[in-house]
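Visitor: I would like to see how this sequence folds:
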Amino acid sequence: MNAQHVRSSDSAHAIIALCIILSLLSDGDAKYAKGTLATSEKWHFLARFCFVSDVGSITYEFEYPEEYMVQKILLYYDDEDQWPSVYGTSNDRTPLQKTCEEKESILKRENGQFINLTANYLYSGCSSIAENGKVVVKCSGGRTFRSARERWWFIAVDNCNSTQGLYLKYKILMSNGFSSNRWFYHFSADEFYILQMEIGFFITFICIGMITIIFGVILRSRQLLHTTFKMFIASLSFEATALLFYVISHGYFMMNGVEISKIKLLGHICDSASLLIFQLMLILLAKGYTITRGRLRQSSTIKIAVFMTLYTVTYSCVFISEAVLFDPGLVLYKYESVAGYVLIGMRLIGYLWFSYAIFFTLKHYPEKWPFYLAFFFIFSVWFMITPIMILIANKKIEKWVRAKVVAGLEMSIVLLGHTVFLVLTTPISVNRFFPYQVRTSQIGVMNIDQSGRDPNDNNIDRFAHHPYALSANSEFIGNPRTNFTELFTIARGISHVNSRSSSLGHNGDSHKQSNTVPIPILDIDGPDTKVHTHTTNFNGGAPVPKGKTPTEDNTQFTDN
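Guide: Okay, the predicted model is just below:
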């Protein structure tokens, strides 16, 4: 056995041990339903499952005291005249008010929808046994479901003649297929292939993460690793972590029929964090942060903070609604709540803000159109497709396929967003969409001293329009006297240049002031940074267009 195999085995054992430990610390949310029912009601819901025809089955064990005889197991399916007619709300949103007898009356005995839990019923598998001076009824058996398509089946128990309610100890194993086929055995039919998709997307995100790390190293070496790209890395990391939690939760469920609900919740939290960070990054980039400016105005910062706080609270309410308010007897999508529709509204507001910010950024920096046009059209689709998907899922997608369809779409949308952004920020010379031009060290210099800056020069609130534009004068390239420390500095403004010119000219003609000075300009067209020069007029601190005096070009900038 080689060392590599030993390390792989140790890793596998560590993952299995983690799953076992977490399962002991977690509550089970199972297709293996187990518990004790004690209620004063005459009719009560127990469990639900989506069965595949001919291979879907339940195996059960029931036990109850003889004085509660005769209790019955009722099997409803998802047609409108079956389960929806006895449980939930009517078309006008009022709770259904039906008696126990009315709820029984819609079932068809010839379809085997009754299981009388008594020894007198041949196919119930029940017998009466004396225990500790009391007679109890114990039943064990099973049923196989046959239908024209996958169907949701709902299991209830009742005793319409009872005067003391219901009491039942139960164990119900609901499955599809044979136990040897673990990929499907414990999963409801609407959940088929979700685990396989999660594994596939997890591997894909790991590959994207490796590429992102390589790009990050390249950007760091060029001092172009900006905050927004770091936010992208954080979003990607949270999404990969979320998928890992989902794989662990569903993998354990595949083996045992019991979900690790707390691990799944951690997955939802990481998934939400990834989405929130990614959307915040998109809005910041739309406003030009790290592309056309090094900081936002205080008012913009406050607006974004308030918006993201409300977004986070709304997301939390969606999960609280799903965990606390959703009725287990109904097949509901997590966004089928007031909080879900508010979340759609928040997403649309985010998109409008995103579009508004891009409009004003392009207005002031039209040379950025290659990046921002692609950025706008692609992420407009990204913003809008989720609300559309939620509305379609709530109204149009059939409930016996909705879970797997929505899961696949949600993961695909997330993958699309991260992949497209990675392509747009690929640090290669042929990428005409690459957005970053000002180096992180330059922003740091701008942040240290903002006094005396010319409005048309580089400053932290508004970067120069062409900080890396090529110059016709290329004598600076390869000059052995070049001071390469200037690669990481920025041009000085009016006050700095004028102060230097004064000191150069006070000793007479031998130190006569020149009208121009070469200013280094950075270029990231290739793997090796090149340095070019242009001349800067001392009279204005920036090149003066032909036909204009230094005071004529007074471009005004409005914060978007």
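
Visitor: Quick check: the gap between Asn120 and Gly142.
Guide: Using Cβ to Cβ, to the nearest Å, we find Asn120 at a distance of 19 Å from Gly142. In short, each C-beta sits where N, CA and C put it, glycine included.

Visitor: ok, then the element right after the lengthiest helix in the chain?
Guide: Looking across the chain with DSSP state H, the single longest helix is helix 227-256. Later in the chain than helix 227-256, the nearest helix or strand by DSSP states H and E is strand 258-260.

Visitor: I'd like the distance from the next helix or strand after that following strand to the chain centre, please.
Guide: Counting by DSSP H and E, the next helix or strand C-terminal to strand 258-260 is helix 261-286. Helix 261-286 has its C-alpha centroid displaced from the chain centroid by 5 Å (Cα atoms, centre = their mean, to the nearest Å).

Visitor: Which secondary structure elements does helix 261-286 sit against?
Guide: If contacts are counted by 3 or more Cβ pairs under 8 Å, 6 or more residues apart in numbering; DSSP states H and E, helix 261-286 sits against strand 28-30, helix 227-256, helix 298-320, helix 338-364, helix 369-395, helix 402-424.

Visitor: Recalculate using a threshold of 10 Å.
Guide: Helix 261-286 sits against helix 3-24, strand 28-30, helix 227-256, helix 298-320, helix 338-364, helix 369-395, helix 402-424, with contacts defined as 3 or more Cβ pairs under 10 Å, 6 or more residues apart in numbering; DSSP states H and E.

Visitor: Kindly compare burial across the ones you listed and name the winner.
Guide: Comparing these by mean neighbour count (mean count of other Cβ atoms under 10 Å), helix 227-256 comes out on top with a mean of 20.

Visitor: tell me the angle the longest helix of the chain makes with helix 261-286.
Guide: Interaxial angle of helix 227-256 relative to helix 261-286 (axes from the mean of the first three to the mean of the last three Cα atoms, to 10 degrees): 160 degrees.

Visitor: I'd like the average pLDDT over helix 227-256.
Guide: Per-residue pLDDT over helix 227-256 has a mean of 93.

Visitor: same question, stretch 352-360
Guide: Here the average pLDDT along stretch 352-360 is 90.

Visitor: Figure out how far that stretch is from the centre of its chain.
Guide: Using Cα atoms, centre = their mean, the offset of stretch 352-360 from its chain centre is 22 Å.

Visitor: Give me the buried positions along the helix or strand hosting Gly200.
Guide: According to DSSP H and E, Gly200 maps onto helix 194-221. Buried residues in helix 194-221, counted by 16 or more other Cβ atoms under 10 Å: 194-195, 197-198, 201-202, 204-205, 208-209, 212, 215-216, 219.

Visitor: Ser272 contacts Met308, doesn't it?
Guide: No. Checked against Cβ atoms under 10 Å, the pair Ser272 and Met308 is beyond contact range at 11.9 Å.

Visitor: circling back to that earlier point, now do the helix holding Gly200 against helix 261-286: the angle between them, please.
Guide: Using the same axes, to 10 degrees: helix 194-221 against helix 261-286 is 40 degrees.

Visitor: Packing partners of helix 194-221?
Guide: Short answer (3+ Cβ pairs under 10 Å, 6+ apart): helix 194-221 packs on helix 227-256, helix 402-424.

Visitor: re the thing from before, any chance of the helices and strands packed on helix 261-286 in CSV, with distance to Leu282 too?
Guide: Putting those into CSV (distance: least, Cβ to Cβ, whole Å) gives the following:
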stretch, distance to Leu282
helix 3-24, 34
strand 28-30, 34
helix 227-256, 9
helix 298-320, 12
helix 338-364, 6
helix 369-395, 6
helix 402-424, 8
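
Visitor: Gly112 is nearest to which of the ones you listed?
Guide: Closest approach to Gly112 among the helices and strands packed on helix 261-286 is made by strand 28-30 (24.4 Å; Cβ to Cβ).

Visitor: Run me through the strand neighbours of whatever helix or strand comes next after the closest one, direction for each.
Guide: Reading on from strand 28-30 to the C-terminus, the next helix or strand found by DSSP H and E is strand 32-39. Paired neighbours of strand 32-39 in the sheet (DSSP bridges): strand 166-176 (antiparallel).

Visitor: about what we covered before: what about the helix holding Gly200, average pLDDT?
Guide: The model assigns helix 194-221 a mean pLDDT of 94.

Visitor: can you state the direction angle for it and helix 402-424?
Guide: 20 degrees.

Visitor: where are the low-confidence patches of the protein?
Guide: The model of the chain has pLDDT under 70 over residues 1-30, 89-95, 441-560.

Visitor: Recalculate using a threshold of 50.
Guide: 1-30, 451-452, 454-456, 467-559 (pLDDT under 50).

Visitor: residues in contact with the nearest residue to Phe326 once chain neighbours are set aside?
Guide: Using Cβ to Cβ, 6 or more residues apart in numbering and skipping the chain neighbours, the partner closest in space to Phe326 is Leu332 (5.2 Å). By Cβ atoms under 10 Å, 6 or more residues apart in numbering, Leu332 lies in contact with 321-322, 325-326, 340, 394, 399, 402.

Visitor: which one among the residues you listed gets closest to Val135?
Guide: Phe326 (38.9 Å).

Visitor: Check whether the closest one really touches Ser337, as I assumed.
Guide: Yes. Counting by Cβ under 10 Å, Phe326 touches Ser337, with 7.7 Å between them.

Visitor: ok so, going back, what separates the residue nearest to Phe326 from Gly177, distance-wise?
Guide: Remark: distance between Leu332 and Gly177 (Cβ to Cβ) = 26 Å.

Visitor: so how many other residues sit close to Leu122?
Guide: By the criterion of other Cβ atoms under 10 Å, Leu122 has 8 neighbours.

Visitor: which residues touch it?
Guide: Leu122 neighbours (Cβ under 10 Å, 6+ apart): Asn116.

Visitor: between Phe326 and Ser337, who's got more neighbours?
Guide: Ser337 (18 against 15).

Visitor: thinking again about what came up before, reformat the contacts of Leu332 as a markdown table; add distance to Ile388.
Guide: Converted to a markdown table, these look like this (distance: Cβ to Cβ, whole Å):
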| residue | distance to Ile388 |
| --- | --- |
| Ser321 | 21 |
| Glu322 | 21 |
| Leu325 | 25 |
| Phe326 | 23 |
| Gly340 | 14 |
| Asn394 | 11 |
| Lys399 | 19 |
| Arg402 | 15 |
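
Visitor: Which single one of the residues you listed is nearest to Leu409?
Guide: Arg402 (10.4 Å).

Visitor: My guess is the closest one contacts Ala393. True?
Guide: Yes. Taking contacts as Cβ under 10 Å, Arg402 lies within contact range of Ala393: 5.9 Å.

Visitor: which residues are common contacts for the two?
Guide: Shared contacts of Arg402 and Ala393, counting by Cβ under 10 Å, 6+ apart, come down to Tyr333.

Visitor: Identify the residues contacting the nearest residue to Ile349 once chain neighbours are set aside.
Guide: Leaving aside its chain neighbours, Ile349 sits nearest to Phe307 (7.4 Å; criterion: Cβ to Cβ, 6+ apart). When contacts are counted by Cβ under 10 Å, 6+ apart, Phe307 is found next to 279-280, 283, 346, 349-350, 353.

Visitor: Closest to Ala47 out of these?
Guide: Once Cβ to Cβ is applied, the member of the contacts of Phe307 that ends up nearest Ala47 is Met346, at 34.7 Å.
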